[in-house]
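Undergrad: here's a sequence, model it:
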Amino acid sequence: MAKPKTKNELINASQENYSELITLVDSFTEEEIKTEFPKETLNRNIRDVLTHLHHWHLMFLNWYKVGMKNEKPDMPAKGYSWKETPQLNKQIWENYQSVEFGEARKMLEESFSEIQQIIKKHTNKELFEKKRYKWTGSTSLGAYIIANTSSHYKWAYTLIKKAKR
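TA: The predicted structure follows:
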C-alpha cells in the first residue's frame with residue numbers, strides 16, 4: 001500500500017494495517033503468544049510488540065495535545081533525542097514487563113481508537129499540509145500519524161511474522 005496522501009487513505013491504511021496485525025496476533029494460541037522471539041530482537045514476545053506500539057501512540061497523543069496548544073512537545077520523549085530512540089525503546093520495553101498480554105492488547109486498542117478520533121476530526125489540508133503546525137516542523141501532522149500507525153503496524157506485523165516462523 002502506498003503512503004497515504006489523503007485523510008481517507010490515512011484512515012484506511014491505519015485501520016487495515018491495524019486489523020491485519022490484530023488478526024495475526026489473534027491467530028496464535030496462548031502458548032504461542034508467550035513464546036520468546038529470537039534473541040536479536042529487543043521486543044521478546046507479542047506482548048512486548050503491542051506495548052511498544054501502545055507507548056508510541058501515547059507519545060504521539062502527548063505531542064499532539066501539547067503541540068496543538070502551540071507549545072513545544074518533548075519529542076520523542078522527555079530526556080531523549082531522536083538519535084536516542086534505541087535507548088528510549090529499551091526503556092519502554094522495561095516499563096511494560098509486568099503487563100499481561102490481555103491488558104497490552106486492550107491498551108493498544110484504546111490508544112488506537114484515540115488516534116483514529118484525531119484523524120477523523122481533521123481535514124485533508126490540516127493533516128497533510130507541511131509546516132502547518134509549528135510543532136511538526138517541516139513535515140505534516142499526517143506524517144507523524146502515519147509513522148505511529150500504519151507504518152508502525154506494518155513493522156510490528158513483519159516482526160511477529162518473522163519471529164513466529
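Undergrad: residue ranges with poor pLDDT in the protein?
TA: Applying pLDDT under 70 to the chain flags the ranges 1.
Undergrad: all the strands of it, in order from the start?
TA: Using DSSP state E, no strands are assigned anywhere in the chain.
Undergrad: ends of stretch 79-99, what's the gap?
TA: By CA to CA, to the nearest Å, the extent of stretch 79-99 from end to end equals 24 Å.
Undergrad: could you list the buried residues of it?
TA: Neighbour counts over stretch 79-99 (16 or more other CB atoms under 10 Å) mark 80, 88-89, 92-93, 96, 99 as buried. (Glycine included, C-beta is placed from N, CA and C.)
Undergrad: alpha carbons only: can I get stretch 106-124 in PDB?
TA: C-alpha atoms of stretch 106-124 as PDB (Å, rounded to 0.1, in the frame of the first residue of the first chain):
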ATOM      1  CA  LYS A 106      -6.700  -3.700  25.400                       C
ATOM      2  CA  MET A 107      -4.400  -0.700  26.000                       C
ATOM      3  CA  LEU A 108      -3.300  -0.800  22.300                       C
ATOM      4  CA  GLU A 109      -6.900  -0.900  21.200                       C
ATOM      5  CA  GLU A 110      -7.800   2.100  23.300                       C
ATOM      6  CA  SER A 111      -4.900   4.200  22.200                       C
ATOM      7  CA  PHE A 112      -5.500   3.200  18.500                       C
ATOM      8  CA  SER A 113      -9.100   4.500  18.900                       C
ATOM      9  CA  GLU A 114      -7.900   7.800  20.300                       C
ATOM     10  CA  ILE A 115      -5.600   8.400  17.300                       C
ATOM     11  CA  GLN A 116      -8.500   7.400  14.900                       C
ATOM     12  CA  GLN A 117     -10.600  10.200  16.500                       C
ATOM     13  CA  ILE A 118      -7.800  12.700  15.900                       C
ATOM     14  CA  ILE A 119      -7.600  11.700  12.300                       C
ATOM     15  CA  LYS A 120     -11.300  12.000  11.800                       C
ATOM     16  CA  LYS A 121     -11.600  15.500  13.200                       C
ATOM     17  CA  HIS A 122      -9.000  17.000  10.800                       C
ATOM     18  CA  THR A 123      -9.400  18.000   7.100                       C
ATOM     19  CA  ASN A 124      -7.000  16.800   4.400                       C
END
